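Undergrad: for reference, the sequence and a predicted model appear below.
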Amino acid sequence: MSAKVRLALWVTFMVLLVSVMVLVFVLVINRHSLPEDPAEYLVDFVTDNANEVEFDRGRFEWDDLSLYRRGAYCAYYDADGNLLRAAFKEDMDFSDIPFKANVIRTAESGGREFYIYDHYVDMDMYGMWIRGAILTDSHFGITDVILRLTVMILPIILIVTFLGALWISSITFRPIEKIVDTANSISDADDLSGRIALKRGPKEMKQLAGAFDRMFERLEKLFDAERQFTSDASHELRTPTAVILAECDHAKRKDRTLKEYRESIGHIEEQGHRMSALIDELLGITRLQQGTEKYPLSKGDLSEFVSVTAEGFVPQDDRGISFETDIESGICCSFNASLISRAVYNLLQNAYKYGKEGGSVRLSLKREDGMAALSVEDDGIGISPEDQEKIWQRFWQADPSRSEGGSSGLGLAMVREIAALHGGDVSVKSAPGEGSTFTLRIPAISS
Ligand code: ADP
């Protein structure tokens, strides 16, 4: 049974329960406040009137006396039995029945049977007889009416309640059907671009649909990135593999001198190293992103660590570039030493690689707004504004011809992952032809 029907049934059942409880309550109250027995009711009516009788300045006060109340009739007589006032109908004639105080009797009149009840009000000098009459088969009908109405109306109320609850629950559950449809279409078509995009509906459903949409978006980005990564990686490995195969083929084709063989093996070794470095970088970055490897952060003096790392840095080719450092002392952070040294190394390597011959590279570390800001500045070729977004992508290179020198386009992607793992970020300021400044920021510990 669907949740909608279940909900509608539950609401209907609750309405039925409440209706039955109200009915029982009304019937019990009714039973206590209004006697069901006509004789009893008649006695009450006559007694009530008797209590209201007043005689003032030679006259009876009639204002508070009733002649009729819900099926019961009253007549008033003086002490001698002369009729003063009556509300008896024409077919009600009890004149030949003598008065008898406080006794319920039955009497026939007009072919019908009545209860009659007499009461004498004695006021010393004056007296008054009150005679009440009521049909013996009178029933006050309240219980009957309530029950009859209930039998007629309750089914209608229950049907309306059930349909209403079903309608409201289907409106409420409609977004869930949309979510299910979208999820199904995504899994059937293997296409993560679908979105629920719920415009109308209850607030909670909109939140749920929003959460699903954000999840789909993130999944789509992840899958796209993975697809891109696999295709880029296979593309990057294809070149060295092709070189190795060509070199082997060339060496096998005819007899070579020992020197020629050595040269071929040298080329193969070079490509092998390139592939190995590429695989290392790929693995490193994938582990960082997927969190498969633990990189524990430990508190330490970052200033000291960066000074030592900078001292140990040896550029692949310095091209007459001068190197200076400006490190503020005593900046403490939680960091992973091997990752930070890798980031510093990547940034310095790039500064030399893309720096101008005879130029300068500057490494600085400062405390800025509770963060440790490590900057590497060069005065080299710079990066165009449109490329500044792309440099963080894996394998992206402004000038792939430079990849001969061991560049793979993974260095900055790695730096970005390292920054994220430390709860920080990395940014670039650059102008083509003027140079670039890369700044890595990670949270500092207040000393
Ligand atoms: P790689 O240096 O191995 O190519 P990176 O991820 O380190 O890969 O850098 C990506 C690209 O960003 C480089 O190919 C280069 O075009 C550009 N780049 C990085 N650092 C600098 C820099 N200091 N100056 C100019 N361009 C740079």
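TA: Yes, it's here. Numbers count the residues shown, from 1 in each chain.
Undergrad: only C-alpha atoms from now on, for both contacts and neighbour counts.
TA: OK.
Undergrad: quick one: residue 334 from residue 4, how far?
TA: Taking C-alpha to C-alpha, to the nearest Å as the measure, residue 334 falls 53 Å from residue 4.
Undergrad: on the three-state scheme, the nearest residue to residue 408 once chain neighbours are set aside is what?
TA: The spatial neighbour of residue 408 that comes closest, neighbours along the chain excluded (C-alpha to C-alpha, 6 or more residues apart in numbering), is residue 395 at 5.9 Å. Classification of residue 395 using DSSP: H, G, I helix; E, B strand; the rest coil returns coil.
Undergrad: after the helix ranked longest in the chain, which helix or strand is next?
TA: Longest helix in the chain, counting residues (DSSP state H): helix 203-253. Using DSSP states H and E, the helix or strand that follows helix 203-253 towards the C-terminus is helix 258-290.
Undergrad: residue farthest from the centroid of the protein?
TA: Distance from the centre of the chain peaks at residue 80, with 86.9 Å (C-alpha atoms, centre = their mean).
Undergrad: checking that one next. Helix, strand or coil?
TA: Per three-state DSSP, the local secondary structure of residue 80 is coil.
Undergrad: element containing residue 416, please.
TA: Residue 416 belongs to helix 411-421 when assigned by DSSP H and E.
Undergrad: remind me what that helix packs against, helices and strands.
TA: Helices and strands touching helix 411-421, by 3 or more C-alpha pairs under 8 Å, 6 or more residues apart in numbering; DSSP states H and E, are helix 258-290, helix 337-353, strand 425-431, strand 435-445.
Undergrad: make CSV from those and add distance to residue 115 and mean pLDDT to it.
TA: Shown next, in CSV, are these (distance: least, C-alpha to C-alpha, whole Å; pLDDT from 0 to 100):
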stretch, distance to residue 115, mean pLDDT
helix 258-290, 97, 85
helix 337-353, 108, 93
strand 425-431, 101, 96
strand 435-445, 100, 96
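Undergrad: just these: most buried one?
TA: With neighbours defined by mean count of other C-alpha atoms under 10 Å, none of those is more surrounded on average than strand 435-445, at a mean of 22.
Undergrad: neighbouring strands of that one in the sheet, and parallel or not?
TA: Using DSSP bridges, the strands paired with strand 435-445 are strand 332-335 (antiparallel), strand 371-378 (antiparallel), strand 425-431 (antiparallel).
Undergrad: pull out the buried residues from stretch 240-249.
TA: For stretch 240-249, the neighbour count (16 or more other C-alpha atoms under 10 Å) marks 240, 244, 247, 248 as buried.
Undergrad: hmm, I typed the wrong one, I wanted stretch 10-27.
TA: Neighbour counts using 16+ other C-alpha under 10 Å place 11, 12, 15, 16, 19, 23, 27 of stretch 10-27 among the buried residues.
Undergrad: for it, which outside residues touch it?
TA: The contact list for stretch 10-27, computed with C-alpha atoms under 8 Å, 6 or more residues apart in numbering, reads 143, 146, 154, 158, 161, 162, 165.
Undergrad: among the residues you listed, which one has the lowest pLDDT?
TA: pLDDT across those is lowest for residue 143, at 71.
Undergrad: dig out what residue 371 forms beta bridges with.
TA: Beta-bridge pairing for residue 371 (DSSP bridges): residue 368, residue 443.
Undergrad: so which bits of the stretch 301-447 of the chain are right by the ligand?
TA: By the rule C-alpha under 6 Å from any ligand atom, the part of the stretch 301-447 of the chain lying against the ligand is 350-351, 354, 381-383, 391, 396-399, 407-413, 436.
Undergrad: and the residues you listed, which are buried?
TA: With neighbours counted by 16+ other C-alpha under 10 Å, those contain buried members at 350-351, 354, 381-383, 391, 396-397, 407-413, 436.
Undergrad: in helices, which of the contacts of stretch 10-27 fall?
TA: 143, 146, 154, 158, 161, 162, 165.
Undergrad: count the residues that sit near the single nearest residue of the stretch 101-250 of the chain relative to the ligand.
TA: Residue nearest to the ligand within the stretch 101-250 of the chain: residue 236 (12.0 Å; C-alpha to the nearest ligand atom). Look at residue 236: counted by other C-alpha atoms under 10 Å, it has 15 neighbours.
Undergrad: again, but for residue 111
TA: 9.
Undergrad: list phi and psi for it.
TA: phi 80, psi 10 (degrees, to the nearest 10).
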